[in-house]
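Student: got a sequence here, can you model it:
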Amino acid sequence: MQTAKQVLWLAGWFPSVSNGASGNFIARHADAFAEFNAKMGHGYNLHVLHCALYPFFGKKAIPLNSSSLVYQLLWCPVPQFGSIGHAGDGQYGDQISPFARILNGIVKPIDHVIYTVYLRRFLQLYLRNHGNPVLVHVHAADKIGRIVPWLIKRLGVPLWLTEHWAIFNEIVEDGFSKRSISFQSMYKRLWKILTISAPVSHSSQKDLQHYLGNVLPSISSAQTASNCFVMPFVLFRNAVDTKVFYPISGISDVEEVSFNKTPIPNREPNPKEDAPANPAESNAESKGVRNAESNAKKHPGIKAIKKTGPYRFIHVSSLDVRKNGEGILRAFAQFQIDNKNNATLTMVGANNQSMIQLSRSLNIQDKVFFTGNLPIQGVADAMRAADAFVLFSMMENAPCVISEALCCGLPVIATHVAGIPEMIFPERNGLLVAVADEDALSTTFSECMRIFPDSPYNEIAQDAQNIYGYDAVASTLTRSYQKILNTTCAE
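Tutor: Just a heads-up that it's a prediction; the model follows:
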């Protein structure tokens, strides 16, 4: 009988009940790897460890859907003084008061010590109970990366790093070079002891090398100049659950699908009233996604169907400043003026009063629909109800929402930034626009309607599923694990 090979993932971010979006891409990576491993019988036993931050004297963060996981989740609650004013789930939010920011800056060194002590004790207990893993894989090294040099020195096992953070650039206000010396040093120490990097995009790998350095001294400067990649790496793309994100299947008794949408009334947003009680059911009924359950089971038989009504654009994000939702609204308003069309725009994300007010001031309130936050099934249903997806971010890495939209068969309009050009091929599965160029985006709305008049598209969905589906993503990582572990054992 084959002995299980224990794999330890250290996740800097992970979904919790208080914030299901925090690190959800890491959770999907874990789902993909564990499901693929169980199916293929490679003998890996996945353990995922996450330190969940919560305010002192507050409620501890609770993991999301921990009972249904196909791997072992090791949940380490860590109290923090600096969690005041934050979401308290391990990935701090941006919308906090100035007083909270000042207080957090004062107590940050104390919080770092508390975090390290809790994590080190938790790891020591883990090693006593479970033994040593055959490898360690860090996902989002923020905070959790501080303990890794000690752990690798103790274990002497290979180390992987998958970094998701879009701070390795000069565009964002909190970019890597603007961070503290201790923060930068933590990443550089971790980078130097890596066995291999596992970025979600080629762009991410280049940025990491730019800021953290090339760590193979045996490679000459001439070789470095001719090859932009020096640090060994394996491309570990974001994974999409294609049981959730898939196109509308062919429906034999339905040739046309109508989509009736009701705009949010001209009043203050009310999440309880504006969001449907059951988003999955509401979307299936109001947007013509019929027989949703049976379609989910037979979705490999993808077939484009005719939708009636206006052309529907959709945007899904946190609606924070980096996503530039206001730029989308202004461009869409100009697009409406220039084309006199009846296209609509659905904005999925936390209710944002300033954007709702902007849509009114631009006189497009009858064309723009704000759904509020939706659960993952609701997001997928909303995508299936649309004709094209739009993302106008100032900075990204390799956005999960793009790969999810592609798996639903939607063409994507997105900015030419970071890893996005690796995902979008103009006029094949979408269109690219320059960052912050609202005039270009307005024109691209029209181009999208002309080039991609009918969705979903079989080719877009199938190509995306072959790249971002669980098996495709997990098989790449598994081969990387096997190759390095076999090499290590041989030595």
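Student: just give the closest residue to Asn37, not the sequence neighbours.
Tutor: Tyr44 (4.7 Å; C-beta to C-beta, 6 or more residues apart in numbering). Placement of C-beta: from N, CA and C, glycine included.
Student: tell me how many other residues crowd that neighbour.
Tutor: 24 (other C-beta atoms under 10 Å).
Student: phi, psi for it please.
Tutor: Per-residue torsions, Tyr44: phi -90, psi 140 (degrees, to the nearest 10).
Student: residues contacting it?
Tutor: 4-7, 33, 37, 478, 481 (C-beta atoms under 8 Å, 6 or more residues apart in numbering).
Student: closest to Val117 among those residues?
Tutor: For those, the residue nearest Val117 by C-beta to C-beta is Gln6; the value is 24.5 Å.
Student: how about the secondary structure of the spatially closest residue to Leu410 that is not a sequence neighbour?
Tutor: Residue nearest to Leu410 in three dimensions, not counting chain neighbours: Phe389, with 4.7 Å by C-beta to C-beta, 6+ apart. Here Phe389 is strand, with the state taken from DSSP: H, G, I helix; E, B strand; the rest coil.
Student: for Phe389, give me the pLDDT.
Tutor: Phe389 is assigned a predicted lDDT (pLDDT) of 98.
Student: is it in contact with Cys400, as I believe?
Tutor: No - between Phe389 and Cys400 no contact is recorded; they are 12.0 Å apart, counting by C-beta atoms under 8 Å.
Student: these two: who's more crowded?
Tutor: For Phe389 versus Cys400, neighbours defined as other C-beta under 10 Å are more numerous around Phe389 (24 against 21).
Student: dig out what that one forms beta bridges with.
Tutor: Beta bridges link Phe389 to Ile314, Val412, judged by DSSP bridges.
Student: quick one: low-confidence ranges for this structure?
Tutor: 1-3, 66-68, 83-97, 99-101, 104, 215-231, 249-308, 455-456, 488-491 (pLDDT under 70).
Student: nearest residue to the middle of it?
Tutor: Central residue of the chain (C-alpha atoms, centre = their mean): Cys400, 4.1 Å from the mean position.
Student: report the separation between it and Asp241.
Tutor: For Cys400, the distance to Asp241 equals 10 Å [C-beta to C-beta, to the nearest Å].
Student: got any residues that touch both of those two?
Tutor: Arg28.
Student: ok, back up a step: by neighbours, which of the contacts of Tyr44 wins?
Tutor: Going by other C-beta under 10 Å, Phe33 tops the contacts of Tyr44 with 28 neighbours.
Student: surely it meets Arg479?
Tutor: No - checked against C-beta under 8 Å, the pair Phe33 and Arg479 is beyond contact range at 11.9 Å.
Student: domain assignment for this structure?
Tutor: Split into domains by automatic domain parsing, the chain comes to 5-239+470-490, 256-468.
Student: contacts made by stretch 433-442 with the rest, please.
Tutor: For stretch 433-442, contacts defined as C-beta under 8 Å, 6+ apart pick out 324, 327-328, 330-332, 334-335, 338, 390, 392-394, 413-417, 444.
Student: and with 7 Å instead?
Tutor: 324, 327, 330-331, 334-335, 338, 392, 394, 413, 415-417, 444 (C-beta atoms under 7 Å, 6 or more residues apart in numbering).
Student: and it, what's buried?
Tutor: Of the residues in stretch 433-442, 433, 435, 437-438, 440-442 count as buried by neighbour count, 16 or more other C-beta atoms under 10 Å.
Student: which parts of the stretch 301-450 of the chain are helices?
Tutor: Assigned by DSSP state H, counting those that start in this stretch, the stretch 301-450 of the chain shows helices spanning 325-339, 353-361, 376-384, 400-407, 438-451.
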